[in-house]
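Engineer: pasting a predicted model and its sequence here:
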Amino acid sequence: MIEVKDLCFIRNDGDNKQNILNKLNLFVPAAQHLALLGDSGSGKTTFLHILAGLLQADSGSVSVNNQELSSLNERELALYRRKIGLIFQHYQLLDCLTVKQNILFQYKLNFPGQAASEFAPLVEELGLQNKLNALPHQLSGGEQQRVGIARALLNKPQIIFADEPTGNLDQKRSHQVVKLLTELCSERQINLVMVTHSHQLTDYFDQVKVLRDGHFE
Ligand SMILES: Nc1ncnc2c1ncn2[C@@H]1O[C@H](COP(=O)(O)OP(=O)(O)OP(=O)(O)O)[C@@H](O)[C@H]1O
């Protein structure tokens, strides 16, 4: 569950002050999926980074699963970030590691010594079982993004933030990836917030918000 109240975020760029987010309000019930649209530069990534605890708001409140982010100290923020999954436009896979190693890398850090029981079913659902020994550069864009999704989901996140995960994919692959991502999140009751430029992908989501001039239209 995500609740945002009167959120403001200002960028101080030398002499220029830019109100990126201006009294933003939002409510996403538990397990629901939100698509976030808006023109380039409207503040979508900034907003996602605030929700993910990577940037701090200037005022207002952001509560995720009843945790007020501004009240968390550095250690609590680090624990919070462990419970979220991040999916990126450029996949952010480690090119020197195989697909299998990429998927398991963060899990091994978060759950040392624990068997990844979800690994095999997840890999199968994402159709990656024949690619486990490949290196990322040997995969198509869609396959690389499915590795990014497997990596995020394996960590049993409570919430997933995806920043234009289909930005590098064609229309057909974009639909396949978003359909898979929303289905997998639904099965696991995971909140999903996805930034996209594509209105055609919003059918897969419970809520659609468009960011303009610092607030939602
Ligand atoms: N590190 C930074 N320093 C200064 N200004 C920044 C920084 N990052 C982003 N901005 C500015 O903040 C505004 C919002 O950027 P943001 O990346 O959140 O937009 P966006 O909606 O995600 O854009 P896009 O769709 O192009 O990715 C833009 O005007 C951008 O130039």
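Structural biologist: Thanks, I have the structure now. Numbering: from 1, shown residues only.

Engineer: quick check: next helix or strand after the helix of greatest length in the chain?
Structural biologist: Longest helix in the chain, counting residues (DSSP state H): helix 171-187. The helix or strand immediately downstream of helix 171-187 is strand 191-195, counting by DSSP states H and E.

Engineer: what lines up beside that following strand in the sheet?
Structural biologist: strand 33-38 (parallel), strand 159-163 (parallel) (DSSP bridges).

Engineer: tell me which element Leu24 is part of?
Structural biologist: Assigned by DSSP H and E, Leu24 falls in strand 16-28.

Engineer: avg pLDDT for that strand?
Structural biologist: What strand 16-28 shows for mean pLDDT is 94.

Engineer: change the start of the numbering to 15 and stick with it
Structural biologist: New numbering, starting at 15: the last item is strand 30-42.

Engineer: does that strand reach the ligand?
Structural biologist: Yes: for strand 30-42 and the ligand, the contact criterion (C-beta under 6 Å from any ligand atom) is met by Ile34. Placement of C-beta: from N, CA and C, glycine included.

Engineer: report the beta-bridge partners for the residue nearest the centre of the chain.
Structural biologist: Nearest to the geometric centre of the chain sits Phe175, at 1.7 Å (C-alpha atoms, centre = their mean). Beta-bridge partners for Phe175, by DSSP bridges, are Leu100, Val207.

Engineer: just to revisit the earlier point, I'd like the strands paired with strand 205-209 laid out as CSV, including mean pLDDT.
Structural biologist: Converted to CSV, those look like this (pLDDT from 0 to 100):
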stretch, mean pLDDT
strand 47-52, 98
strand 173-177, 97
